[in-house]
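K.L.:
Sequence and predicted structure are below.
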Amino acid sequence: MKILVINCGSSSLKYQLMDMENESVLCKGAIERIGLEIKGGEENVIIKVNDERFTYDKELPTHTDAFNEVKFILSEGEHKVIDSFDEIDAIGHRFVQGGDKYTKSVLIDAEVERVVEELSPLAPLHNPANLQGYRACRDVVGESVPQVAVFDTAFHSTMPAKAYMYAVPYEYYEKYGVRRYGFHGTSHKFVSHRVADRIGKDIKELKIITCHLGNGSSIAAVKNGKVIDTSMGFTPLDGFMMGTRSGGVDPSVVTFIMKKLGLTPDDMDAVLNKKSGVNAISGVSSDDRDICAAQARGNSRAILAHEMQAYEIAKYIGSYAAAMNGVDAIVFTGGIGENGVWLRSKICSYLGYLGVEINENINEKTQKGAEAELTEPSDKVRVFILATDEELTIARDTAEIVAAL
């Protein structure tokens, strides 16, 4: 069975074709700047086959044009990996927000499309773009190829009400769906199951804290295979500081700044989502590589940004250990989780009360994409670096649904 995984943004389309017989990647890549002008020398079409990377530029006005380009790349172009698009058995789509309507992946039909569109106010930057991707695929392949929606929020749907409710008027939950949803679900799902495999135990016997750390970051408490709490909330803004996002702040700070500067809700949203976080504190960048370089030069604000980040993450880990009455494994994943040598070390330095003592030599030498255990198998709490694979999670869910048709 061959599954095509699609992840659409407002002006981008990422794709990955997988052979589910051995879960191998036949081809992957991205198309960027959809609907935007391509500047001189800017190559917006990316193809990766057998560890080789190819790029070229092409103006593609719509997502439908972009998907047609993907079809050409996979089945007709110079680097094609299949003889016909008919070889593709199904298409799996990443959808960010399924609300409390979809607690697992589903085959997309008119009703699913309608509900996902209805939920767009809960993820205004993501759900409309995800729908664009689905509709572009449908325009090209029609109804002949099954398409599946895999929701970021689904893995977190096992949270109890005591974890997902906010202490605001209850009618806001009833009327507007104001509650904690959580995001990065496909990543948390993949690495929690992967660490159970590494430990050699059924996930239903384990208490796991998964730390997905990147430009957007979240942490989840996974007890006996089910999420009981997660740091992101009603939107991906909640939790701890990220690249350009503030994470949780005193709500009165929001109203105070709005009044002080005469900001509209949209203005304040932009401040919290795009002008805050590590970028704002460091004054350097939202990219962790730049922060590490500035920290190495002794930049005090870069050092502060990293110190704050590590401190906030350690507090979440501690609170989730309390919520689960213990923890068996802590996992670092995502771009920073896999590359952030200093950050991993600093976070773990707060966790001595749990018995965490990592091997700093292994921590320093582990490269992105590699798996490593930073503790000993005999330790009470084990710490791992694991590469996440959200596309594989989407492909597995898609294959399972299609096989049952």
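P.N.:
Noted; the coordinates are in hand. Residues are numbered from 1 along each chain as shown.

K.L.:
Can you report how many residues neighbour Tyr172?
P.N.:
For Tyr172, the neighbour count with other Cβ atoms under 10 Å is 12. In short, each C-beta sits where N, CA and C put it, glycine included.

K.L.:
Same question for Val254.
P.N.:
Counted with other Cβ under 10 Å, the neighbours of Val254 add up to 17.

K.L.:
Okay, and it sits in which element?
P.N.:
helix 251-261 (DSSP states H and E).

K.L.:
Show me what counts as buried in the next helix or strand after that helix.
P.N.:
Following helix 251-261 in sequence order, the next helix or strand is helix 265-274 (DSSP H and E). For helix 265-274, a neighbour-count test (16 or more other Cβ atoms under 10 Å) marks Val271, Leu272, Asn273 as buried.

K.L.:
do stretch 61-71 as well
P.N.:
Under the neighbour-count criterion of 16+ other Cβ under 10 Å, stretch 61-71 has His63, Thr64, Asp65, Ala66, Phe67, Glu69, Val70, Lys71 buried.

K.L.:
Could you do stretch 187-197 as well?
P.N.:
For stretch 187-197, the neighbour count (16+ other Cβ under 10 Å) marks Ser187, His188, Lys189, Phe190, Val191, Ser192, His193, Arg194, Val195, Ala196 as buried.

K.L.:
Closest to Tyr166 out of those?
P.N.:
His188 (21.0 Å; Cβ to Cβ).

K.L.:
Who are the contact partners of the closest one?
P.N.:
Phe155, His156, Thr210, His212, Ser218, Ala220, Val222, Val227, Thr230 (Cβ atoms under 8 Å, 6 or more residues apart in numbering).

K.L.:
Ramachandran angles for it?
P.N.:
Dihedral pair for His188: phi -60, psi -40, per degrees, to the nearest 10.

K.L.:
cool, Gly216 as well?
P.N.:
Residue torsions, per degrees, to the nearest 10, at Gly216 are phi -110, psi 140.

K.L.:
what pLDDT does it get?
P.N.:
Looking at Gly216, its pLDDT reads 91.

K.L.:
Surely it is in contact with Gly247?
P.N.:
No. Contact between Gly216 and Gly247 fails when scored by Cβ atoms under 8 Å: they sit 10.4 Å apart.

K.L.:
Number of residues surrounding Leu60?
P.N.:
Neighbour count for Leu60, taken as other Cβ under 10 Å: 22.

K.L.:
Show me the helices in the stretch 101-250 of the chain, by range?
P.N.:
With DSSP state H, counting those that start in this stretch as the criterion, the stretch 101-250 of the chain has helices at 110-118, 127-141, 161-164, 170-176, 185-199.

K.L.:
need the next SSE after the longest helix along the chain, C-terminal direction.
P.N.:
The longest helix of the chain (DSSP state H) is helix 300-323. Per DSSP H and E, the first helix or strand lying C-terminal to helix 300-323 is strand 329-333.

K.L.:
Which strands or helices does that following strand pack on?
P.N.:
In terms of contacts (3 or more Cβ pairs under 8 Å, 6 or more residues apart in numbering; DSSP states H and E), strand 329-333 is packed against helix 185-199, strand 207-212, strand 382-385.

K.L.:
okay, that strand in CSV with CA atoms only?
P.N.:
The C-alpha trace of strand 329-333 is given here as CSV (Å, rounded to 0.1, in the frame of the first residue of the first chain):
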residue,chain,number,x,y,z
ALA,A,329,10.5,8.1,30.9
ILE,A,330,11.2,11.7,29.6
VAL,A,331,11.5,12.2,25.9
PHE,A,332,13.1,15.1,24.0
THR,A,333,12.1,15.4,20.3
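
K.L.:
Identify each buried residue in that strand, please.
P.N.:
Neighbour-count burial for strand 329-333 [16+ other Cβ under 10 Å]: Ala329, Ile330, Val331, Phe332, Thr333.

K.L.:
circling back to that earlier point, tell me the one among the contacts of His188 nearest to Arg289.
P.N.:
Nearest to Arg289 among the contacts of His188, with distances taken as Cβ to Cβ, is His212, at 18.0 Å.

K.L.:
Let me know how buried that closest one is, in neighbour terms.
P.N.:
Number of residues near His212 (other Cβ under 10 Å) recorded here: 29.

K.L.:
just the one 3 residues further on next, same as before
P.N.:
Number of residues near Asn215 (other Cβ under 10 Å) recorded here: 17.

K.L.:
ok so, going back, the buried residues of stretch 187-197: which two are farthest apart?
P.N.:
Spatial extent of these (Cβ to Cβ) is set by the pair Ser187 and Ala196 at 15.1 Å.

K.L.:
just to revisit the earlier point, go through the contacts of His188 and name the one nearest Glu376.
P.N.:
Distances from Glu376 to the contacts of His188, taken by Cβ to Cβ, are shortest for Thr210, at 20.5 Å.

K.L.:
Next up, the contacts around the closest one.
P.N.:
Going by Cβ under 8 Å, 6+ apart, Thr210 touches Ser187, His188, Val191, Ser192, Val195, Ile219, Ala220, Val222, Val331, Thr333.

K.L.:
Out of the residues you listed, which comes closest to Asn359?
P.N.:
Closest approach between the contacts of Thr210 and Asn359, by Cβ to Cβ: Val331, at 15.9 Å.
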